[in-house]
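K.L.:
Provided below for reference: sequence and predicted model.
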Amino acid sequence: MSATTFDTLGYFEKLKAAGVPDEQAKVQAAAFREFTDIQEENARKELATKMDVMQAEMRLTEKIEQSKHEVLKWMMGMIVAQTALIVAVLAFLK
């Protein structure tokens, strides 16, 4: 993530040019800089890194593999049960 920069001097100069007193312009520039720093820090906490994404992908891949084995196990059981049922029906019909 690229760090955003805030031009406090430029902001201060624009405030002075608009007729804001020096002290008030300094305080506003400092307060706005602090606000942008807090916003950037909060954004960093909420964004996922490449490592976060890779770990999530690995966990999902593992769960998918486990699910595949579970489905395969149930399918094989159903095939055996179905075959046994067909054999029993054929034996009953003879």
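P.N.:
The structure has been received and is ready for your questions.
K.L.:
For stretch 73-87, give the mean pLDDT please.
P.N.:
The average of the pLDDT scores along stretch 73-87 is 95.
K.L.:
how about the helices in the protein?
P.N.:
8-17, 22-46, 50-93 (DSSP state H).
K.L.:
what separates the spatially most central residue of the chain from Gln55, distance-wise?
P.N.:
By Cα atoms, centre = their mean, the mean C-alpha position of the chain lies nearest to Ala48, the distance being 5.3 Å. For Ala48, the distance to Gln55 (Cβ to Cβ, to the nearest Å) stands at 10 Å. Every residue, glycine included, has its C-beta placed from N, CA and C.
K.L.:
what about this protein, any weak spots by pLDDT?
P.N.:
1-4 (pLDDT under 70).
K.L.:
hmm, 80 instead?
P.N.:
Within the chain, the ranges that satisfy pLDDT under 80 run 1-6.
K.L.:
So what's the residue count around Leu15?
P.N.:
Leu15 sits with 19 neighbouring residues when counted by other Cβ atoms under 10 Å.
K.L.:
That one and Leu72, how far apart?
P.N.:
69 Å.
K.L.:
Kindly report the same for Gly10.
P.N.:
65 Å.
K.L.:
Could you pull up the residues touching Leu85?
P.N.:
Residues counted as contacts of Leu85 (Cβ atoms under 8 Å, 6 or more residues apart in numbering): none.
K.L.:
which residues touch the residue nearest to the centre of the chain?
P.N.:
With Cβ under 8 Å, 6+ apart, Ala48 has these contacts: Ala56.
K.L.:
at 6 Å what do you get?
P.N.:
Not one residue lies near Ala48 by Cβ atoms under 6 Å, 6 or more residues apart in numbering.
K.L.:
Pop out the phi and psi values for it.
P.N.:
Note on Ala48: backbone dihedrals following degrees, to the nearest 10 are phi -90, psi 140.
K.L.:
So it versus Thr61, what's the distance?
P.N.:
17 Å.
K.L.:
ok, now Phe92?
P.N.:
Phe92 is 47 Å from Thr61, by Cβ to Cβ.
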